[in-house]
Every structure is written in structure tokens, then in C-alpha cells.
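Visitor: got a sequence here, can you build the structure:
(2 chains)
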Amino acid sequence: MSVATRLTWVEVKLFTREPFSLIFAFVFPAVILVVLAGIFGSQPDPDFGGVSPSDFYLAGYVAVVIAATALVALPVHVAGYRERGVLRRFRASSIPGWVVVLSQVAVGLAAGLIGAAVLLVVGVTLYDAGVPESPLATLWVFALASCSLLALGFLIASVARSARAAQALGMILFFPMWLLSGAGPPPDVLTEGMRTISQALPLTYAVRALQDAWLGRPLDPTNVIVLAAILIVAGTLSILLSRR
Amino acid sequence: MPSVIEVEHLGKRYGSTVAVEDVSFDVAEGEIFGILGPNGAGKTTTVECVEGLRRPDAGRISVLGLDPARDTGELRRRMGCQLQQSALPDHIRVREAIDLFASVTPGGPDPSSLIDRWGLADRSGTSFSSLSGGQQQRLFVALALVNDPEVVFLDEMTQGLDPAARRTAWELITEIRAGGTTVVLVTHFMDEAERLCDRLVVVDRGRVVAIDTPQGLVARFGGGIRVLFSAPDADVSWLDGVRGVTGVSRHGPQVKVTGSGPVLALVASELVSRGIVPDDLRVEQSTLEDVFLSITGGEAEPDG
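Guide: So this is what the prediction gives:
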């Protein structure tokens, strides 16, 4: 096996041995989905753009799963690696940085897919929610949103000096995004100020793009462009910062 | 023996702090070479420059004929290192770690035999964070040897080990050398250096203070041999004339004779022939520790 395959496999196993990551990525979004869909029901609702709240939240929570792994689990893991000397250990043994990045991206994508599958099962069995209308578009939007948020996660990891700092930073970014980007209260009930803030949050664009693809609506190019821009800017910044 | 490592006038500073001022030494093939010095002397910085982990500001380094700053890739494949401050992911298991590091340079020793040899066979499914300090160190040494290196760097490898584990580690280091690998050992434990190293360099405040064999250093800086005994009533001033004696002093009943060479045997036979037979005749010899304290100005610290 090559180093890249070997490390990816190790990282997948490490992820499954971390109860915090597992709960945060798989259990937490599923529980919130159950609660929200339970509150708002499964009848088409004008507050949710005419779709049923359970459909609305199912697609949105796929984005939340991605964000939980990318903005919290990944930065804590990678900043911990730097803080404790794991990265130095890897570098001294010629395990290249890109292999570390690749393995984390692979874990992030795998966790997102599994998390999405959990949500789909929960949504479909409990609330009769719909499966993606256009699976192919859903898949590539999912991949783009994942890479974009993972790049943001790497940026947090390269700014934070320790695992604790990364966790604090990740949480500060994650919770407002979760509540304001369309996965919390329905956007139409948000006040004007909160809606403005939500416009500035990366997760908003991931939620919107995923909902469009999932519900079979035409994709709004704005969302895709913003996600691609985040990927490029955050990716470039974190590469530059980690070469200091 | 050809040189495996050549360091000439190495210099490295971090901002305005000078970590290494001027360090030069050669390491011959197949030797165990020690780098000794108090905390903050520049030992680790020196080794990290040699390993290619840091770029020196001045001087020339050659390892296995390669420039660590330029030929980093090839050098890393042919050397092994155990770093002072490093760790593995908490939940990685011993076997997974060995397999991961082995996958960088295929064709090294068989991972299972490496695990056996370093006494980790019954720990191969244990996660890194559950290993004892000694087991973690052994794992790091095994990882340093996973590519069958020509030269291996061990930075404070016995740090934090209990005495028994340190003894075991020493045996293992001797074994590595027996396998034909050159060993560079960074340490601040004098007994370790004295016992293991063929030659060593003493570094202090970023400069080389001395390079020699441990015995050579003791002979040069140790201040000779001290013979001590009690002779409450006898006049011993005549001891001055015994061959090899350089000084005689008395503190109450206690006589201290300093000298060199076979001074103990000569003093003993003279004492006996004059009817002085002390019960407590004994000899004190300088250890590397005394030498170290005298040449680094007594700034050795117990750890760090």
C-alpha cells in the first residue's frame, strides 16, 4: 500500500475511535433533524419556500454534518497533530504534507457521506422525507461544499496554536452558522439583521446549494461561485500559513 | 573509517537569539557519537540542522555525502531519527504505526520482526496513548529503524525512563550499532554518554567545548585520581616524594593524596612498608559528570 492509502486508512480508523467526532458528526445532526422536523411537520409550508420542513431540513442538515466534521473535528485533530509534534514526526519520516491533507479530506468526505446516509434514513423513515431529486447534482454540490468547508477547517487548524484553541475557534464559527444559515429557524422568520449576518456565513451557501440540488430546483450560480471562492481562498491561505 | 557526518562551523539563530554559534565535528562510520551539553546549549538545534529539519544560517553540513538542506528526500530515506518532542496520534496502534512508517520506504525490515526485536510483540494492538513511557520510546526507536537506516539520530531517548528501562535502552543502542548503523546520541545523562559513546562532543552556549573519547575527556579535564584514607597520628608528609603524587592534604584524621597513573598502588605499598595500614583506603576517580561540570561552568541541570 502507498503512504497515502495507508495514512487514509489509519485516519478513517482514528476517526471511528474518537467518540466526540462520531457523536458530533452523526448523532447530533440526526437528533436536531428529528426535533426540528417534529416541530415544523412534513406539510408543504410557505415559510420554507413551499416545501415541507422535513425536506427542507434534511438537505440542510447534510450541510451541517459536513460543517461539524470540517469546522470542528478536523481543526481539533490537525491542530493537535501540530501541537503534539505528530506533524514533525511525519515530516522527519518523509510523510509529505499533501498526504496528511489528502487523508483528512478523504475522512471528511467519508464522514459526510455516512452522516448524510444516517440523515436520509432518519428523515425517510420518521417523516417520509424525499430522496434527492437530482442525485448527480446533489453529489457534486456535496463534494464542492465539503471541499470548501474542509479548506476552511484547514485554515482554522493553521491559525490555531493548539487543539483547544482550534476547538474554541471551530465552535465559535460553527454554532452561529448552524443557527443562522438555514439549518436553524426558517430563513423567513429571521430578523433583517440576522438575515444580513447569515449572508456572510459560508454554511448558508452550502445549505442553499444542497437544498436546490436535493429538491430538484435549478442551482443558483451565486451559491456555487461563493463555495468555489471559499475553497480557493481558504485553501491558499492555509497552505501559505502552514509553510511559515 | 570514512566520515558519515561532517559539520563545519554550523551557525543558527532564531531572531536575535543565537542557538548555535559555531559547531564543528565529524562522525565516523559505525561509531556511537554523543552530543552532550547543558539545557539550551544548542544540541537539539544542531541535530535538527543535520537531519534537515532546520536550515542552518551558516556553515556546511554533509551527511552520507548529501546536503541535508538540499537532498532532504534522499537523506530521509537513508537516515532514521527519534525526535525529542514528537508524538503519534493517541489512538494509533503499534502495528498500524509501524506499517504506516514502513510504507514510506518499501523494502525495509519486516514489520513483525521489528516489533519483536523491540519487545513490543504483546503490544502490537495497543494504542499509542496506552503504552508506558518506555514502550513509547521503544516504538519511536523502532520507527527510526523502519527504513534500515545507515545513520540514526536519537535525541534524549532515555528521557523519562525508569532506571531499568534505561539499561534496556542502552543495550538496544549497542545492538543497533552492532547491526552496522552509525548512531548519533543526544543526551545530558553523563552515565549514558560514558557507557555508550565511542566519542563525544561537549557543546555549551552554542560552541564546541571539547571533542574526545569519554576516557580522554576524563583524563584531560578530570583532575587526576584522589586517594583517601585515615591516619590520625602518623606523619604522612613524605608521601610528596612518592612517584605520581602531585599533592597531599590533611583534614583532621583524613588524608587526601592527589596524583595520576599508578598512584594508588604506589601509595598503598609505601604505607604498608611503613607500618600504616588504614581500614578505609579508597580511590576516587573523576567521572564524566565532574568533567562536564568543570568544562561547562557547572550549569548542568537535572532535566530538560
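Visitor: for chain A, which residues are neighbours of chain B?
Guide: Contact residues (C-beta under 8 Å from any C-beta of the partner chain) of chain A with chain B: A:1-3, A:6-7, A:10, A:13-14, A:17-18, A:81, A:84-86, A:88-89, A:91-95. The C-beta positions use only the backbone N, C-alpha and C, and glycine is treated the same way.
Visitor: buried only: go through those for me.
Guide: For these, a burial check counting by 16 or more other C-beta atoms under 10 Å in any protein chain shown picks out A:3, A:6-7, A:10, A:14, A:18, A:81, A:84-86, A:88-89, A:91-95.
Visitor: state the pLDDT value of residue B:300.
Guide: What the model reports as pLDDT for residue B:300 is 44.
Visitor: before we move on, what about residue B:114?
Guide: Confidence score, pLDDT, at residue B:114: 88.
Visitor: which helices and strands does the lengthiest helix in chain A pack with?
Guide: For chain A, the helix with the greatest residue count under DSSP state H is helix A:97-127. Contact here means 3 or more C-beta pairs under 8 Å, 6 or more residues apart in numbering or on different chains; DSSP states H and E; on that basis helix A:97-127 packs against helix A:3-16, helix A:28-40, helix A:53-67, helix A:74-84, helix A:86-92, helix A:135-159.
Visitor: what residues does the stretch 51-200 of chain B put near chain A?
Guide: Taking C-beta under 8 Å from any C-beta, the part of the stretch 51-200 of chain B that reaches chain A is made up of B:51, B:53, B:73, B:76-77, B:81, B:83, B:85-89, B:91-92, B:96, B:99-101, B:103-105, B:127, B:143, B:146-147.
Visitor: of those residues, select the buried ones using a PyMOL command.
Guide: Buried residues among these (16+ other C-beta under 10 Å), as a PyMOL selection:
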select buried, chain B and resi 51+53+76+77+81+83+86+87+88+89+91+92+96+99+100+101+103+104+105+127+143+146+147
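Visitor: per-residue confidence at residue A:53?
Guide: 84.
Visitor: what does residue B:293 give?
Guide: Residue B:293 carries a pLDDT value of 78.
Visitor: what's the neighbour count on it?
Guide: Neighbour count of residue B:293, defined by other C-beta atoms under 10 Å in any protein chain shown: 17.
Visitor: how about the strands of chain B, start to end?
Guide: Per DSSP state E, chain B carries strands over the ranges B:3-14, B:17-28, B:32-36, B:58-63, B:79-82, B:151-155, B:182-187, B:199-204, B:207-212, B:225-230, B:245-251, B:254-259, B:282-285.
Visitor: can you add mean pLDDT and give those back as a markdown table?
Guide: Formatted as a markdown table, those follow (pLDDT from 0 to 100):
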| stretch | mean pLDDT |
| --- | --- |
| strand B:3-14 | 93 |
| strand B:17-28 | 93 |
| strand B:32-36 | 94 |
| strand B:58-63 | 94 |
| strand B:79-82 | 91 |
| strand B:151-155 | 93 |
| strand B:182-187 | 93 |
| strand B:199-204 | 92 |
| strand B:207-212 | 91 |
| strand B:225-230 | 87 |
| strand B:245-251 | 87 |
| strand B:254-259 | 88 |
| strand B:282-285 | 83 |
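Visitor: quick check: angle from the longest helix of chain A to helix A:28-40?
Guide: Counting by axes from the mean of the first three to the mean of the last three C-alpha atoms, to 10 degrees, helix A:97-127 lies at 30 degrees to helix A:28-40.
Visitor: got the buried residues for helix A:97-127?
Guide: Of all the residues in helix A:97-127, those buried under the rule 16+ other C-beta under 10 Å are A:99-109, A:111-116, A:118-120, A:122-123, A:127.
Visitor: show me what contacts the nearest residue to residue B:258 once chain neighbours are set aside?
Guide: Nearest non-adjacent residue to residue B:258, counting by C-beta to C-beta, 6 or more residues apart in numbering or on different chains: residue B:247, 4.5 Å away. Each residue near residue B:247 by C-beta atoms under 8 Å, 6 or more residues apart in numbering or on different chains is listed here: B:257-259.
Visitor: could you check how far residue B:247 is from residue B:239?
Guide: Distance of residue B:247 to residue B:239, given as C-beta to C-beta, to the nearest Å: 9 Å.
Visitor: list the residues that contact residue B:108.
Guide: By C-beta under 8 Å, 6+ apart, the residues touching residue B:108 are B:102, B:146-148.
Visitor: now intersect those residues with the helices, please.
Guide: Of the contacts of residue B:108, the ones assigned to helices by DSSP H are residue B:102.
Visitor: how about the contacts of residue B:108 in JSON lines, adding pLDDT?
Guide: Formatted as JSON lines, the contacts of residue B:108 follow (pLDDT from 0 to 100):
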{"residue": "B:102", "pLDDT": "92"}
{"residue": "B:146", "pLDDT": "92"}
{"residue": "B:147", "pLDDT": "90"}
{"residue": "B:148", "pLDDT": "90"}
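Visitor: of all the contacts of residue B:108, which two lie farthest apart?
Guide: Within those, B:102 and B:148 form the most distant pair, 10.2 Å apart (C-beta to C-beta).
Visitor: so for those two, which residue has more residues nearby?
Guide: Neighbours per residue (other C-beta under 10 Å) separate residue B:102 from residue B:148, with residue B:102 holding more: 23 against 16.
Visitor: just give the closest residue to the more buried one, not the sequence neighbours.
Guide: residue B:146 (4.9 Å).
Visitor: what of residue A:45?
Guide: residue A:53 (5.8 Å).
Visitor: contacting residues for that neighbour?
Guide: Residues counted as contacts of residue A:53 (C-beta under 8 Å, 6+ apart) are A:36-37, A:39-42, A:45, A:186.
Visitor: return the closest of those with respect to chain B.
Guide: Comparing the contacts of residue A:53 against chain B with C-beta to the nearest C-beta places residue A:36 closest, at 32.9 Å.
Visitor: pretty sure the closest one contacts residue A:55?
Guide: No: contact between residue A:36 and residue A:55 fails when scored by C-beta atoms under 8 Å: they sit 11.8 Å apart.
Visitor: please say which of the two ends up with more neighbours.
Guide: A count of neighbours by other C-beta under 10 Å puts residue A:55 above the other of residue A:36 and residue A:55, at 24 against 20.
Visitor: separation between the more buried one and chain B?
Guide: Distance of residue A:55 to chain B, given as C-beta to the nearest C-beta, to the nearest Å: 38 Å.
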